[in-house]
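**Q** have a look; sequence and predicted model below, questions after that.
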Amino acid sequence: MNINISPYQYENSTRIIFGVGTLNEVTNVVPWKNILIVTTSGTTKRGTTNQLTSLLPNKNITVYDIVDPEPQIVDLEQAANQFEKQHFDCVIGLGGGSTIDTAKILSCLLSETTFHLRSHLTKNETLPELQPIPVIAIPTTAGTGAEVTPFATVWDRPSGKKHSFATSLLNPNVAILDPALSLSVSRDVTLTTGLDAFCQGLESLWSRQRNPVATAFANQSVPLALSTLPKLLNDLKNQDLRSRMLQSSLFAGLAISSTRTTLSHSISYPLTLRFGVPHGLACAFTIVPVLQFNASRDPDRLQWLVEPIGFNSHETLGDTIKNILAISNTYSNLNNLIGSKEAVIALASEALTPARADNNFTNASLEDVEHILSESWDQMTASLS
C-alpha cells in the first residue's frame, strides 16, 4: 500500500461529541450567557430549534433562522449589519453545512476586529488578526463535515462565482453530532448530503495533500458511505443507519480538513451556479469519470487507493458507484436539471477552479475536463436508457 510518509501536518482543534442523545451535552459546553443560534426556517418549523433552546434556560438567545442552502456574500453582510450592535459570547450553528458555514463566518464578522469578508474573498485582502466568537456546531444532516473543517463556502450569484473562506480560525470549538437530529431529514436531502460525504472521502484519497492521518479517516468513511447510503434511502427512520452515515460524514470531514477536495468538486461549482444542481448531486455527476481519469494517469491504476477500501480494481469501484447512482435516482434527478450534453461541456472553462482542480493528484487540462463532462453525460444517459 502506497502511503505518503514524507513530512506532513494534521491539525484539528474541534472537540467531538458523538452519539444518540448527545444534544443534551450542549448544557455542559455552553457556559456563556449571550447566544446567537444560526439555523434555517425548516429546522425551526420541525421544532429542533425549540428543542435546543429548551436546553439553554436562563440564556439570552437570539435566533437567526433564514439561512439559504447556498449562503451569499450579501446575505452574510446583511446578517453582520443586523447584529453589529449586539454582543454574543457564542454562536451555535444548528443545521446542515450551509448553516454551520454561516455560523463560522458570522463568528468572525461579529468579533471585535473589523473584517471585510467581500474584500478578503474577491480582492485577496489580508485577513486581520481575528479572535472569533466561540462556535458550537450541531449538524442535522450527514454530508459536508463542516463541523470539523477550517473552511466555509460562500456564493456570489451576481458574479457567478463560488468562494472558499479558509482559516484555522473557522474550526468550531465543539461539534455535537446527534444522529437523532437527522431522523426527520427528507430522502432528497439525505441523498444529496450523503453523496457529498462520499465524494469528499474519495477525493481526499487522490488529493495532492493526501497524508496518513487523512487516509485513515477516508478509508473508513468511503466504505461506510457505500454500504450505508443505499439502505438508508429505503429506511429513513433507521437510527443505526443514520448513525453510520453521520459517522461517515464526520470521517470525511476530518479527512478533507487537511487534504481539501479536488477535481469533482471543482467541476461541481458551475453545475450548481448554472443549473441549480444540489451540491452533492453535482459532485457525484463526475465522480466516476474523474476516478477513471485519475486511474488512466497512474501507473498502478489506483490499486493503492481501491484495495484499502475493499475493491480489487478501480473498475469494480466505478461500477459500484454507478449502480448506487442509478438505483438512488441520482442520474434521473441530474437528467431533469441539466439542459443538454452541449450545455454541460460548455461549462468546462468554468470548471477548473485552481484551489480544487490543482489539488487533484494529476493535472487536468481543459480538454480533459471536456472529456470528463462528456463521459459523465454519457454514463448518466446510458443508465436511463
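**A** Noted; the coordinates are in hand.
**Q** give me the low-pLDDT residue ranges for this structure?
**A** Along the chain, segments meeting pLDDT under 70 span 1-5.
**Q** which residues are in contact with the residue nearest to the spatial centre of it?
**A** When C-alpha atoms, centre = their mean is applied to the chain, the residue found nearest the centroid is Thr144 (2.5 Å). Counting by C-beta atoms under 8 Å, 6 or more residues apart in numbering, Thr144 makes contact with Gly96, Gly97, Ile100, Asp101, Thr193, Asp196, Ala197, Gln200, Ser249, Gly253. (C-beta placed from N, C-alpha, C; glycine too.)
**Q** how close does it get to Ser365?
**A** Between Thr144 and Ser365 the computed distance is 29 Å (C-beta to C-beta, to the nearest Å).
**Q** helix/strand/coil for the nearest residue in space to Ala355 that is not next to it in sequence?
**A** When the adjacent residues along the chain are set aside, Ala355 lies closest to Ser164, with 6.3 Å between them (C-beta to C-beta, 6 or more residues apart in numbering). Here Ser164 is strand, with the state taken from DSSP: H, G, I helix; E, B strand; the rest coil.
**Q** would you mind confirming that Ser164 is in contact with Ala152?
**A** Yes: if you go by C-beta atoms under 8 Å, Ser164 and Ala152 touch, sitting 7.4 Å apart.
**Q** those two - which one has more neighbours?
**A** Ala152 (26 against 17; other C-beta atoms under 10 Å).
**Q** element containing the more buried one, please.
**A** Element membership of Ala152, judged by DSSP states H and E, is strand 151-156.
**Q** what comes into contact with that strand?
**A** 70-73, 76, 97-98, 100-102, 104-105, 117, 121-122, 146, 161-167, 170, 260, 273.
**Q** and that strand, how far out from the chain middle?
**A** Put simply, strand 151-156 sits 11 Å off its chain's centre (C-alpha atoms, centre = their mean, to the nearest Å).
**Q** what of stretch 218-235?
**A** The answer for stretch 218-235 is 16 Å, by C-alpha atoms, centre = their mean.
**Q** alpha carbons of it, as PDB, please.
**A** Extracted in PDB, the C-alpha atoms of stretch 218-235 (Å, rounded to 0.1, in the frame of the first residue of the first chain):
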ATOM      1  CA  ALA A 218     -11.100   8.300   4.400                       C
ATOM      2  CA  ASN A 219     -10.500   4.600   4.300                       C
ATOM      3  CA  GLN A 220     -13.300   4.200   6.900                       C
ATOM      4  CA  SER A 221     -15.600   6.900   5.500                       C
ATOM      5  CA  VAL A 222     -15.800   5.700   1.900                       C
ATOM      6  CA  PRO A 223     -16.800   2.000   2.600                       C
ATOM      7  CA  LEU A 224     -19.200   3.200   5.300                       C
ATOM      8  CA  ALA A 225     -21.000   5.500   2.900                       C
ATOM      9  CA  LEU A 226     -21.100   3.000   0.100                       C
ATOM     10  CA  SER A 227     -22.700   0.300   2.300                       C
ATOM     11  CA  THR A 228     -25.000   2.600   4.300                       C
ATOM     12  CA  LEU A 229     -26.500   5.200   1.900                       C
ATOM     13  CA  PRO A 230     -28.500   2.800  -0.400                       C
ATOM     14  CA  LYS A 231     -30.000   1.100   2.700                       C
ATOM     15  CA  LEU A 232     -30.800   4.400   4.400                       C
ATOM     16  CA  LEU A 233     -32.600   5.800   1.400                       C
ATOM     17  CA  ASN A 234     -35.100   3.000   1.800                       C
ATOM     18  CA  ASP A 235     -35.300   3.200   5.600                       C
END
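**Q** how close does Leu263 get to Tyr64?
**A** Leu263 sits 35 Å away from Tyr64, going by C-beta to C-beta.
**Q** also Leu232?
**A** Distance, Leu232 to Tyr64, using C-beta to C-beta: 30 Å.
**Q** look at those two and report which has more neighbours.
**A** Between Leu232 and Tyr64, counting by other C-beta under 10 Å, Leu232 is the more crowded of the two (24 against 18).
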